[in-house]
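Colleague: Take a look and give me a structure for this.
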Amino acid sequence: MIKFVCFYLCVFTVSGFLYDNPCDVFPKYSGGIPSYNNFTTTVNVPAKCKNGTFRWDYPKGHAMLHFQNMHGMEMKICIKDSLGGTFFNVTDKATNERLGPFDYETYACLQPTSEREVVLQVDAPLDLRYMGEFEYRIYK
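Modeller: Here you go, the predicted model:
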């Protein structure tokens, strides 16, 4: 019975990693991973997403994380660490307020807004890291 349960847990875990979830977003590079600290890239979160992850492998510079609010409804964006995401500095570009602190258990949230677009600036640390990832949730 234990082997049976372990087998199914492994299958579902591996299939979860292979599933291409459009709400799990990350920077896409052309020409290799940038090596300079003033690099900036844009990452769009699909408007239909209510939760997902932001993952950044070998982060350098800044990622501008765009959340669309197609209908101008009030929404609140919250983030929580999922794997080394706490070394990112995350700033709401509309208010220049830093979001945090956040950790594995506690979500840090922006003030509710009805803006058509919310942009979070995610700053990579200056020292080289393999990757960082945080979860996001959108409450409407």
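Colleague: Which strand or helix spans the residue positioned nearest the centre of the chain?
Modeller: When C-alpha atoms, centre = their mean is applied to the chain, the residue found nearest the centroid is F54 (2.2 Å). Of the helices and strands defined by DSSP states H and E, F54 is found in strand 51-57.
Colleague: send the alpha carbons of that strand over as CSV?
Modeller: Below are the C-alpha coordinates for strand 51-57, written out as CSV (Å, rounded to 0.1, in the frame of the first residue of the first chain):
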residue,chain,number,x,y,z
ASN,A,51,-2.8,32.8,-8.8
GLY,A,52,0.5,31.4,-10.0
THR,A,53,4.2,31.8,-9.6
PHE,A,54,6.9,34.2,-10.7
ARG,A,55,10.2,32.3,-11.2
TRP,A,56,13.5,33.9,-12.2
ASP,A,57,16.6,31.7,-13.0
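Colleague: those strands in the chain, which residues are they?
Modeller: Counting by DSSP state E, residue ranges of the strands within the chain are 24-25, 40-45, 51-57, 62-68, 76-83, 89-92, 97-99, 108-109, 117-123, 131-139.
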